[in-house]
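Student: Structure for the following, please:
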Amino acid sequence: MRSPTTERTVPGILTDLLTQFTQLLRTEGELARAELSEKVNQVGMGLTLVVGGAVLLIPALVILLGAAVAALERAGYAPHWAALIVGGAALVIGLVLLMIGINRLKAESLMPRKTMRQLREDTSVAKKQMGSDNGYKRAA
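Tutor: Residues are numbered from 1 along each chain as shown. This next block holds a predicted model:
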């Protein structure tokens, strides 16, 4: 380890800078790969659960909607009005759920935010380091 009073040469400083920069890029790349892998796994698991849920919910929903139509018919509505009321309500609820789901799958919600924040912090630290001499004497 060098003492703060040891003069460093420009080539030595540039070599250290290049080495540290390369190490930083390697580390940030590993962080980005890990975070993207986590996001891909998250999307895959989410889609698997959605498909599984849909397979089970569709027949159940058909049965429940039929029961709702029958209940409205017993309450005195004509069969066509009962079907229209239940079908319209199901359509509105389905559209709302679809819009929410599409919004959650947009690219911006899947961005690797941790990596981007870390890169901004690293850039800030590097700028501060470049602006100071860290106690070393500058070569003339």
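Student: From here on, just use CA atoms for contacts and neighbour counts.
Tutor: Fine.
Student: low-scoring stretches of the protein, by residue?
Tutor: 1-6, 109-110, 131-140 (pLDDT under 70).
Student: Can you show me the helices along it?
Tutor: 10-74, 79-104, 113-131 (DSSP state H).
Student: Now tabulate those helices in a markdown table and tack on mean neighbour count.
Tutor: Shown next, in a markdown table, are these (neighbours: other Cα atoms under 10 Å):
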| stretch | mean neighbour count |
| --- | --- |
| helix 10-74 | 13 |
| helix 79-104 | 12 |
| helix 113-131 | 13 |
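Student: Skip the chain neighbours and tell me the closest residue to residue 115.
Tutor: Nearest residue to residue 115, sequence neighbours excluded (Cα to Cα, 6 or more residues apart in numbering): residue 32, at 5.7 Å.
Student: how near is the most far-flung residue of the chain relative to its centre to residue 113?
Tutor: Largest separation from the mean C-alpha position in the chain: residue 76, at 50.0 Å (Cα atoms, centre = their mean). Separation of residue 76 from residue 113 (Cα to Cα, to the nearest Å) stands at 56 Å.
Student: Fine by me, we can end here.
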